[in-house]
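Student: The following block contains a protein sequence and its predicted model.
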Amino acid sequence: MSTTMERPPVRAPGPEGDARTVALRSRARNRVFWTRFGMQAPSLIILAIVLAFPLVYSVILSFQSYSPVDAEADGRFIGLDNYIRMLGDAQFGRAVLVTIAYVVLAVGIETVFGTILGVVLSRLIRSRRIVTSALLLPMIATPLVVGLMFSFGLNPQFGFMTDFLRALGLVGDGGVLDSAGGAFAALVVMDVWEWTPFIALMVLAGLSAAPQAQIQAAELDGCNTFQLYWHVMLPMVRPVLIVAILFRATEAIRQFDQVYILTGGGPGSATTVNDIFQYRVSFAAFDMSYGAALGVATFAVVATLSAILFRYLNRKGADA
């Protein structure tokens, strides 16, 4: 005799069951969201205090007239006067030109030398790790350390760099930093020494990820080493190189520490980049409102370059 038990029929969930399931899932999502928000809230608060508040306060201050040493500049609203003053300020215009020249020369030389160095590293096999590790040393050093190192090295009395340049006949009795051209060249060389390895490592990463099928096809077609790198491999790493250049340009525009330590913006205004000029306006002349306007303008330029960078990255990600 069969003892098979009959299973109860499966009923489709009714509207009440669906509503309860949706409510439970919604509650679970809300619980996860608030848990994550609660864990990230302290860092978000600190970020808002450190970044958002100074930015908002600077924007508000840029539309006012305020100076702690001028009784007439009591914080009254003056509209766009600080920005109009900025457009007609000859010293600010010179600082902008010095900054542009510094960024173009430093980043341009870094790009050329870094690309060549990255190509050379891609040809190394056994010693690549050792050389790559050595290239990280200049980037690991803080800007303060790099600035002090070049300041001691270029000292006119005991600097080893100065002695070497004198032996080559490039420097006279005075120091390198005593002339406008020498001080500006020292800043460029210092930046190139520190950040050329960054470009080289980016190029090396791009070459390492390049598709080998196209490279092998070019070799079979009879391309020599120069043609292989110039016409095949470098176009493959062009997106990576553009990203590296934009990163470096954004950083170079905001250069302050090393310039302040090495030259202080001198001699005269030969190395007065934009951030040094802002420092003098805000903390030497105590014209806080005008300094805030200069800072907001610099932030707008950097934000524009960053937006271009992220748009480029997003477009490349969508194409991939």
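Tutor: Yep, that arrived. Numbers count the residues shown, from 1 in each chain.

Student: Next, count neighbours for residue 43.
Tutor: 9 (other CB atoms under 10 Å). Every C-beta, even on glycine, is put in place using the N, C-alpha and C of the backbone.

Student: where does residue 210 fall, phi/psi-wise?
Tutor: For residue 210, the backbone dihedrals (degrees, to the nearest 10) come out as phi -70, psi 140.

Student: which residues does it contact?
Tutor: The contact partners of residue 210, by CB atoms under 8 Å, 6 or more residues apart in numbering, come to 233, 236-237.

Student: rerun at 6 Å
Tutor: With contacts defined as CB atoms under 6 Å, 6 or more residues apart in numbering, residue 210 is in contact with 233, 236.

Student: mind checking pLDDT for it?
Tutor: We have a pLDDT of 75 for residue 210.

Student: can you tell me how far it sits from residue 121?
Tutor: Taking CB to CB, to the nearest Å as the measure, residue 210 falls 14 Å from residue 121.

Student: and if you look at residue 308?
Tutor: 28 Å.

Student: which one of those two has more residues nearby?
Tutor: residue 121 (20 against 13).

Student: just checking, the more buried one touches residue 202?
Tutor: No - using CB atoms under 6 Å, residue 121 is not in contact with residue 202, being 11.1 Å away.

Student: Now do the buried residues in stretch 223-238.
Tutor: Within stretch 223-238, the residues scored as buried using 16 or more other CB atoms under 10 Å are 223, 229, 232-234, 237.

Student: ugh, wrong one, I meant stretch 137-149
Tutor: Residues of stretch 137-149 classed as buried under the neighbour-count rule (16+ other CB under 10 Å) are 138, 143, 146-147, 149.

Student: Alpha carbons of it, in CSV - could you do that?
Tutor: Taking Å, rounded to 0.1, in the frame of the first residue of the first chain, the C-alpha atoms of stretch 137-149 are listed here in CSV:
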residue,chain,number,x,y,z
LEU,A,137,63.3,57.8,-4.2
PRO,A,138,62.9,61.4,-5.5
MET,A,139,59.1,61.1,-5.4
ILE,A,140,59.1,59.7,-1.9
ALA,A,141,61.0,62.7,-0.5
THR,A,142,58.8,65.5,0.7
PRO,A,143,58.9,68.9,-1.0
LEU,A,144,60.5,70.4,2.1
VAL,A,145,63.4,67.9,1.9
VAL,A,146,63.9,68.3,-1.8
GLY,A,147,63.9,72.1,-1.4
LEU,A,148,66.4,72.0,1.5
MET,A,149,68.6,69.6,-0.4
